[in-house]
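>>> Model the structure of this input:
(chains A and B)
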Amino acid sequence: MINSRENQNTDLISIGLFALLVLLGWLNIYAAEYDPENAQSIFSLSTSAGKQLLWIGSALVLGFFVYLLDYKFFDSYAYIIYFIFILLSIAVIFMGKEVSGAKAWFEIGAFRLQPSEFAKYATLMAVAKFLADTKQKELKNHHLIVTGIIFFVPMVLTVLQKDTGTALVYTSLILVLFREGMSPLILIGLVGLLVLFVLTLVIPKTILLIIIVIIALLVLGLMEKTLRSVGWGFVVMTLAIGMVISVDFAMNEVFQPHQRKRILSLVNPNADPLGVGWNVTQSKIAIGSGGFSGKGFLNGTQTKFDFVPEQTTDFIFCTVGEEHGWIGAVTIVAIFCTLLVRLVNMAERQKSHFARIFGYGVVSVLFFHFVINIAMTIGLFPVIGIPLPFFSYGGSSLWAFSLMFFTFLKLDAHRMQMLQR
Amino acid sequence: MNRRAIIIKFIVWFAGLGLAVRLFYVQLIDANYQKAAQDNVVQKIIEYPYRGLILDRNENLLVYNTPVFDMMVVPREVVIPDTTRLLQMLQMTLEDFTKQMDKAKAFSRQLPSVLITQIPNEHLAAIQEDLIDFEGFYIQPRTVREYTQPILSHVLGYVGEISQKQLVNDTSRYYRSGDYVGISGIERQYEKDLRGVRGVSYRLVDVQRVAKGKFRDGAFDTLPEPGKNVQITVDIELQQYAEKLMAGKVGSLVALDPKTGEILAFVSAPTYDPSLLSGHKIRDNYGQLEQDSLKPLFNRALQAMYPPGSMFKTIQSLVALQEKEVSPTEQIYCRGDLIGDLAPAGHYDIKRAVTLSSNNFFFILFKRMIQQNKDPSAFLDSRIGYEKWRTYVDRFGLGHKLNVDIPNETAGHLPTVDYYDRMYGKSRWKFSNIYSLSIGQGEILVTPLQMANLGALLANRGYFYTPHIVKKVGESTALGFERYDVGIDSAHFQIVLDGMEQVVSNGSGRRAFVKDLQICGKTSTVENPGYDHSGFMGFAPKDDPKIAIAVYVENAGWGGRAAAATAGLLIEKYLTGEVTRKHMEDYVLKGVFHD
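Next up is the predicted model:
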């Protein structure tokens, strides 16, 4: 099945970037746990790095199998795959094992699998399938609603698994909808709400309300005074004011106490430096102490001596920042950006809607993981515990990201054979 | 290309740029993180040196260190699976435990605090075994002072936690909160020698504070220097005997080697067992000792001030002889009507006056020294005479500290002309106002140490060495204790010492007499608002003095009784090694000196 033509069409740039990230991730996992008093080989299976090597190998095998499948398989079986993972996600709520508060794991022998990681992959396919099938017609509001339901179901199931961080990843699919014709106002509106939410926590309420009213009056004064635009202006202003007033309610009623603390510790990490603020404070110390060029490979102290929690998984970026400094950190950021832009370019060259939309889905999920993961290590976003793609230690996430990546690569390799539908 | 695709690519690059800028700020602008990282992983470990030992003059061990074990707690790491068992193990009530834990948390959540000081050794093994089940608790060894004998508390002093005030006043900035430091006695005086120099090592630790190797390969580490041993001049056996004699009495005893100024015995009674103030026991015992109406913490030998009484007549004799106001053979007729006197009327020369302690004789002598007819005004004349006389007496070591190497010595009181000016008005006083001084009463006050030193300078015929308690610090014996000459020709001493010998062999000091020991002495019956104090000062043997002594027993009446008897016994013990006069020993030990 793998013929020379397919090989020629496989995108080597993205494969190269993928390989680079996996390799650098592996080295940093080794460094994050390296104990100078008791140094072990990077290949030793008693280290996370040694185990990650097994995960990397198996992820490549997985990618190989994806390549063996017929390219039409994904399009045809998208909904079935989706339903299988929805069922698995329901099952894990009842039968799963609880690990650090989240009931999101199946335990099979010595291995643990996290269906929510794979549910992302399945959801991407279902969303791509649905949007592609409706693409012949104009994208209507009810199509948006159905799409919303497709990713809202696994999202709710993930919340029920008490893994809010992973659930939030689904919001990134807004980017796919934006590409496929959703009004940009929704994107702007959502970003605006997020900004307003953070501002409410930082600025005293009355001052914020006064600012909103002043801005609203200025905008109203400047814009064309049609009934319609003035009406919309008032609606937005009222929503903003309502948002500001209801933030306290949301903070107290909607969020769990530990989530509330994480959000507040973002605004002021020094309020409780040894409690909730500990993760962020220590993470920033590790990265901040790296300086311009870092302390050198294996010479960091903050991560390997356990000051930074989860140093091989969610906080793997701390090791990069500490041992390789600003240069190293920015290099990783640049590699991710390059890969994402490459994937956008690849998505754009697809003839089939399914392949393009799936491609954008991959971009959205990777982008969300990459930005939010790094942002939380440097105190720009609450700690929600999601891994850095291809980089963090962990089988489920590496497998899931590899599946997405290789599936899209497979679709891309066959882009010439696919008909526009 | 699709416009929205371009926007999405822009969003990606913009997000990447945002992260890069934030990273730039965290890694390159804000310098706090570098320091915080170092504070995290670099642990400074203080290594306390062994505190020096204290030995007696024959190198018998007096004070040493013994390990004790404190229970420490690190609040952040505490895991208590079973509170009842923990409380049982620690033998604490829940209330106490909560209070201690709150205190520890208030201090620091990551740094260890003391939960229980000095766990009794009998509980230690059981606790250590049980402790495995409770995270965040551990046992830390430390040392406290231990004493081989329950003696010499006023000399040795004690060690305790440094006070806030001492920390503030520590200009060397050596000490840190929680350090142990000599609070009194030799422990304080020789603190710098005894404590040694603590070492510091820097090591890398992980978040559990488990060591991960040396910081920069130990480039900043220093080794601790052990404290120096201090050898004191006291002989344990003699000291034990002295404390036995003084037991049940209030007063003090100081014995010196006149040839060197070394203190042979030093008692302030009542005394206390020095181990009462060692380690955690101080908390239970200090308050009790402090509130004791007999003030056992008060170092009477250095700090109590008494009038010298008749002992002072030796000084009066010597100054008068030096000033040629009297010749060794001059006979003065005393009717006994100038001042109250127990000595009979008759002719007195110096020797007889000393032996019989004639108040009138010394009244006349003092008057001669004060009234010199240098000025027509009786007031100014007395002032000139007094100033000259005072200069002499000052050189006998009175009215100022002798600078003994035990802290908190008092100066006593030798009135200055200014003092009398303030008392009576400028130059409104003359001999008739100050004649009490002639017999060592009135405004003059001395410490027992100063009187022992008087015994030494009489024994030496005119000089003394600064009295001191320490013979050797580490390997050094050159401790710089100086010789002082009192400025009286040594020839003048003979007649005074002859008188003192008579006092013991045939006078008021008979209870100090020991055959063949040539003991010279002078008793004092110190007038006092209450019952008189009993005092004795002397030395022996006359021709080759080996011991000088002063004894005060408060409210014990005649100097010839309690004080003389005690001094005689101690001299006998020191010079012969044993006491033959058992009846005298029983008399002193019984302690009933009144009729």
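
>>> Mean confidence (pLDDT) on stretch B:526-533, please.
Taken as a whole, stretch B:526-533 carries a mean pLDDT of 84.

>>> Next: stretch A:298-309.
Stretch A:298-309 shows an average pLDDT of 82 in the prediction.

>>> go on, stretch B:4-23?
For stretch B:4-23, mean pLDDT rounds to 93.

>>> Report whether that stretch contacts chain A.
Yes. Stretch B:4-23 reaches chain A (C-beta under 8 Å from any C-beta of the partner chain) through B:4-5, B:7-9, B:11-13, B:15-16, B:19-20, B:22-23. For every residue, glycine as well, the C-beta is placed using N, CA and C.

>>> count of neighbours near the closest residue in space to residue A:98 that isn't next to it in sequence?
Spatial nearest neighbour of residue A:98, excluding adjacent residues (C-beta to C-beta, 6 or more residues apart in numbering or on different chains): residue A:105 at 7.7 Å. A count of nearby residues for residue A:105, using other C-beta atoms under 10 Å in any protein chain shown, gives 21.

>>> List the neighbouring strands of the host helix or strand of residue A:105 plus their orientation.
Here residue A:105, judged by DSSP states H and E, is contained in strand A:102-108. Looking at strand A:102-108 with DSSP bridges, its partner strands are strand A:97-99 (antiparallel), strand A:111-113 (antiparallel).

>>> taking those together, which one is wrapped up most tightly?
Most buried of these by mean neighbour count (mean count of other C-beta atoms under 10 Å in any protein chain shown) is strand A:111-113; its value is a mean of 15.

>>> What about contact with chain B: does the helix or strand containing residue A:356 have any residue there?
Per DSSP H and E, residue A:356 falls inside helix A:353-377. Yes. On the criterion C-beta under 8 Å from any C-beta, helix A:353-377 is in touch with chain B at A:360, A:363, A:367, A:371, A:374-375.

>>> Of the residues you listed - the most surrounded one?
The most crowded member of the residues of helix A:353-377 next to chain B, judged by other C-beta under 10 Å, is residue A:360 (31 neighbours).

>>> what's near enough to touch the closest residue to chain A within the stretch 151-300 of chain B?
In the stretch 151-300 of chain B, the residue that lies nearest chain A is residue B:206 (3.4 Å; C-beta to the nearest C-beta). Going by C-beta atoms under 8 Å, 6 or more residues apart in numbering or on different chains, residue B:206 touches A:304-307, B:41, B:212.

>>> In ChimeraX, how would I select the buried members of those residues?
Burial among the contacts of residue B:206 is assessed by 16 or more other C-beta atoms under 10 Å in any protein chain shown; the matching ChimeraX selection reads:
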select /A:304,305,307 /B:41,212
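
>>> In CSV, list the contacts of residue B:206 along with distance to residue B:432 and secondary structure.
Output for the contacts of residue B:206, formatted as CSV (distance: C-beta to C-beta, whole Å; DSSP: H, G, I helix; E, B strand; the rest coil):
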residue, distance to residue B:432, secondary structure
A:304, 91, coil
A:305, 86, coil
A:306, 88, coil
A:307, 85, coil
B:41, 82, helix
B:212, 85, strand
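
>>> Grab the two from the contacts of residue B:206 that are most spread out in space.
Maximum pairwise distance among the contacts of residue B:206 (C-beta to C-beta): 11.6 Å, between A:307 and B:212.

>>> Could you name every residue contacting both of these two?
Counting by C-beta under 8 Å, 6+ apart, the common neighbours of residue A:307 and residue B:212 are B:41, B:206.

>>> How confident was the prediction at residue B:559?
Residue B:559 is assigned a predicted lDDT (pLDDT) of 80.

>>> Thank you, goodbye.
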